[in-house]
Structure formats: C-alpha cells, structure tokens
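Asks: Build the 3D model from these lines:
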Amino acid sequence: MAVHPAGARLYSSIKFKHLVKKSGSAAGGGRASNIALNLTPFVDMMTILVCFLLMVFSANGQLLQAQKGLDLPIAQAKETLQQAPVIIVTKSEITYQGQLVATVESVLRDDSPTFKIDALFERLDAAAKKIKEDVALGKQPKDLIKACEDAKSNIRPAPGKICPDGLAILQADESTDARLINKIVNTAKAAGFDNLLFAVKNK
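Replies: Below you'll find the model as predicted:
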C-alpha cells in the first residue's frame, strides 16, 4: 500500500455524499472544504469537571478535613460528626468557618480577665442567633427539629442527629495548650454554644 504525506484527505478517502452535494468536492473541481472538529475545549471542560469532582468527593464521606498544621488526636470510638459551625485550632492560628480569627500566640499572650476571645465571640454569637431563628421557624431538617424537641425532654439524641441549636465542632491540634482550649470553650459557651464536639481521628 502506498504511503502518502500526512494531511487531511476529506472527500478523497472518505466520501461524504450528503456534503458533496451542498459544497462540492475537491476532486470534482469545486471549492475544497476542510471540516474539522476542535476537541480542545471539550477536553479542557472534562478535565476541569474531573478535578472538581475529585475535590468535592475527596473527603471520602467525612464532613471535616484536617487542615495543614493540624494533627487531630486519635479516638477509640467511631462516631459520625454532624454538620455544624467549625472552629479550627492549628499550631499557629485560630479560624472559624475557614476565616482567620486570631493567632495562637496573641490569644495566649492576652491576660485579660474575660477568659474569652472577642473576635471569635462576635462570629459565634451571630451564628448562634441565626441557628436559633432557623430552628424556631422550622428551616432545619425535620429529624434535627425532632432532635431539638427531644433535647427539651432530656431524651438522648441518636448519633449524627443532634439539635443544631448550641452545637459547634472544635478541631484542635493534639499539642494545643489547655489554656487555649479553655478560652475557646468559654467563648463558645458565652455565645450560646453549650454543646461543643471535639473532632478526632478514628483509630
């Protein structure tokens, strides 16, 4: 079989009869037509879509991911954490919902008698009011609304079905100073978050 130089050979090797009638063919003396499908945008879109899906589902069913500079303590029990406002304490920073609140050094250096972190209190206080309003108006899922009703009757909630009113999650590095944990707990309690869950790694 003869070897030909690389190049498009539309209409010569592949007969597009339905197109030949409209635009003619190069072999018949008409104007040559080069029809090509640009796949670059399609490949780019699929690559972005795959990366997005990998980022979204990389948690592997977990609600929380440990951030850089954060080593969670290991727990024996395997319990599922419920979605709630998250306070994260790394070796150097304190963040709330991903936003920097204060540095660990500045909080430990503060010797004020209030025993609370003002910047964190403001954010937690606003979140507590919003959650309390949503619960009162029934904007939370039905199972969580029922959990709030059970809490008033002193009924123990099911794992992962805790009343969101007053519930927050604390992710703290295992080497965090106990004084810092004490200040965060006092701040959360002052803002109305009496139920503070500690995020840990399952053994």
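Asks: Now do the longest helix along the chain: which elements does it pack against?
Replies: Longest helix in the chain, counting residues (DSSP state H): helix 118-137. Judged by 3 or more Cβ pairs under 8 Å, 6 or more residues apart in numbering; DSSP states H and E, the packing partners of helix 118-137 are strand 93-96, strand 99-103, helix 142-152, helix 178-190. Every C-beta, even on glycine, is put in place using the N, C-alpha and C of the backbone.
Asks: how about the longest one: buried residues?
Replies: Read that as helix 178-190. By 16 or more other Cβ atoms under 10 Å, the buried positions in helix 178-190 come out as 180, 183, 184, 185, 187, 188, 189, 190.
Asks: what's in contact with the longest helix of the chain?
Replies: 85, 87, 94, 96-97, 99, 101-102, 139-140, 144-145, 148, 163-166, 168, 184, 187-188, 190-193 (Cβ atoms under 8 Å, 6 or more residues apart in numbering).
Asks: Dump the buried residues of helix 178-190 into CSV; add pLDDT and distance to residue 48 as well.
Replies: CSV is the format used below for these (pLDDT from 0 to 100; distance: Cβ to Cβ, whole Å):
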residue, pLDDT, distance to residue 48
180, 88, 40
183, 89, 43
184, 90, 38
185, 90, 42
187, 90, 40
188, 90, 39
189, 90, 44
190, 89, 44
